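*Asks:* The sequence and its predicted three-dimensional model are supplied below.
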Amino acid sequence: MKWPQAVKDYRHYLQIERGLSLNSIENYNYDIKKLISYLEDNQIDISPDKINNDLIKQFIYTISKTINPRSQGRLISGLRNFFDYLVFENYRDSNPMDLIESPKIGRKLPDTLSIDDIDLLIDTIDLSYQYQGVNLGERNRAIIETLYSCGLRVSELIELKISDLFFDEGFIKVTGKGDKQRFVPIGESTQKYIEIWKGIRNHIDVNPESKDILFLNYKGNKLTRAMIFTIIKNLVKKSGLKKTVSPHTFRHSFATHLLENGADLRAIQMMLGHESITTTEVYMHVDRSHLSDVLNKFHPRK
């Protein structure tokens with residue numbers, strides 16, 4: 001088996017069998033490309049079904065000098081999944097990654113914004129800002145409000161459809177990783193800002209491919225991930241906030257503020273669309289004072 005065919009088949013498996021997004025597939029593919037580049041640079045001609053544990057160890061040792069432990073751990077995990085696939089398809093008898101351990105790394109706590117930070121960013125938005133006759137200020141406010149109020153991933157935000165809005169019931173339908181769908185509550189104030197944007201959107205010449213997409217650019221096309229990052233970057237700069245803020249920061253803040261105010265961890269897991277509760281548990285470490293408050297409020301021996 002040659003590398004190009006193995007990678008092609010693996011991509012097909014990730015997309016069809018596991019239902020991963022194109023972004024996730026590219027991340028897996030990037031890990032394999034690193035290994036292929038190492039083999040080519042060292043003029044090692046070996047197929048993916050023949051590569052052994054010793055060669056993998058040499059590769060990991062070499063690349064560990066250029067990437068941090070967290071990236072190294074992700075790389076090892078990605079390659080382990082790839083070789084697991086080859087074993088599953090009977091191209092190999094064993095996984096050469098089985099004896100490779102990931103580096104010990106501490107759990108990275110998510111960055112969060114305070115409620116005052118959120119208010120500052122929203123207040124900084126120029127609601128009168130227009131481009132080519134389209135009020136993008138109102139759109140940007142609706143975007144920030146939706147990110148924070150619903151805890152969406154940026155990919156979920158740009159794919160959000162008008163037909164996913166169930167305002168009478170107080171929910172939106174979100175399509176997350178692996179095309180898994182969930183219903184997330186949405187507050188009345190955020191509904192109001194979205195309705196304002198929808199009124200503006202009705203006057204845009206919408207691309208037929210984006211006719212059901214909620215957030216559009218002035219040309220009537222779906223927004224890109226990069227555009228959301230740019231909107232937030234410019235907003236942070238204009239506000240003078242001295243923090244690193246990305247779309248995911250609003251998602252982290254959403255979960256943290258819910259937890260601090262007494263929300264159940266299982267409920268937060270469902271709203272975030274985490275497959276495992278252990279992923280959500282990272283928020284338990286963000287503000288340890290919350291744990292003391294819970295103990296003092298609910299335990300009989302406080």
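*Replies:* Happy to help now that I have it.

*Asks:* Mind telling me what element residue 54 is part of?
*Replies:* In this assignment (DSSP states H and E), residue 54 forms part of helix 53-63.

*Asks:* and that helix, how far from the chain's centre?
*Replies:* Its chain's C-alpha centre and that of helix 53-63 lie 30 Å apart, by CA atoms, centre = their mean, to the nearest Å.

*Asks:* Against which helices or strands is that helix packed?
*Replies:* On a contact count with 3 or more CB pairs under 8 Å, 6 or more residues apart in numbering; DSSP states H and E, helix 53-63 meets helix 22-41, helix 69-88. Placement of C-beta: from N, CA and C, glycine included.

*Asks:* Could you dump these into JSON lines and include mean pLDDT?
*Replies:* Output for those, formatted as JSON lines (pLDDT from 0 to 100):
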{"stretch": "helix 22-41", "mean pLDDT": "91"}
{"stretch": "helix 69-88", "mean pLDDT": "90"}
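
*Asks:* Tell me which of those sits nearest to residue 53.
*Replies:* helix 69-88 (10.4 Å; CB to CB).

*Asks:* buried set for that closest one?
*Replies:* Within helix 69-88, the residues scored as buried using 16 or more other CB atoms under 10 Å are 72-76, 78-83, 85-86.

*Asks:* Now render these as JSON lines, adding distance to residue 266.
*Replies:* JSON lines is the format used below for the buried residues of helix 69-88 (distance: CB to CB, whole Å):
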{"residue": "72", "distance to residue 266": "33"}
{"residue": "73", "distance to residue 266": "27"}
{"residue": "74", "distance to residue 266": "27"}
{"residue": "75", "distance to residue 266": "32"}
{"residue": "76", "distance to residue 266": "31"}
{"residue": "78", "distance to residue 266": "30"}
{"residue": "79", "distance to residue 266": "33"}
{"residue": "80", "distance to residue 266": "30"}
{"residue": "81", "distance to residue 266": "28"}
{"residue": "82", "distance to residue 266": "33"}
{"residue": "83", "distance to residue 266": "35"}
{"residue": "85", "distance to residue 266": "32"}
{"residue": "86", "distance to residue 266": "37"}
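
*Asks:* Now do the helices in the stretch 201-302 of the chain.
*Replies:* 225-239, 247-260, 265-272, 277-280, 289-298 (DSSP state H, counting those that start in this stretch).

*Asks:* Which of those comes out lowest on mean pLDDT?
*Replies:* Mean pLDDT values for the helices of the stretch 201-302 of the chain show the minimum at helix 289-298, a mean of 59.

*Asks:* May I see the buried residues of stretch 244-253?
*Replies:* 245, 247, 249, 250, 251, 252, 253.

*Asks:* any chance you could read off phi and psi for the first one?
*Replies:* Phi and psi for residue 245, reported as degrees, to the nearest 10, are phi -130, psi 130.

*Asks:* and it, what pLDDT?
*Replies:* Looking at residue 245, its pLDDT reads 93.

*Asks:* My read is that it contacts residue 234, right?
*Replies:* No. Applying CB atoms under 8 Å as the test, residue 245 and residue 234 come out as separate, 11.0 Å apart.

*Asks:* Residue 174 is nearest to which of the helices and strands packed on helix 53-63?
*Replies:* Using CB to CB as the measure, helix 22-41 is the one of these that comes nearest residue 174, at 16.2 Å.

*Asks:* who touches the closest one?
*Replies:* Helix 22-41 has contacts (CB atoms under 8 Å, 6 or more residues apart in numbering) with 3, 7, 10-11, 14-15, 20, 44-46, 59, 62-63, 74-75, 78-79, 81-82, 155, 177, 225.

*Asks:* Same check on stretch 141-154?
*Replies:* Stretch 141-154 has contacts (CB under 8 Å, 6+ apart) with 118, 121-122, 125, 127, 157, 160, 172, 174, 176-177, 184-187, 189-190, 193-194, 196-197, 215, 225, 228-229, 231-232, 235, 247-248, 250-251, 253-255, 271-273.
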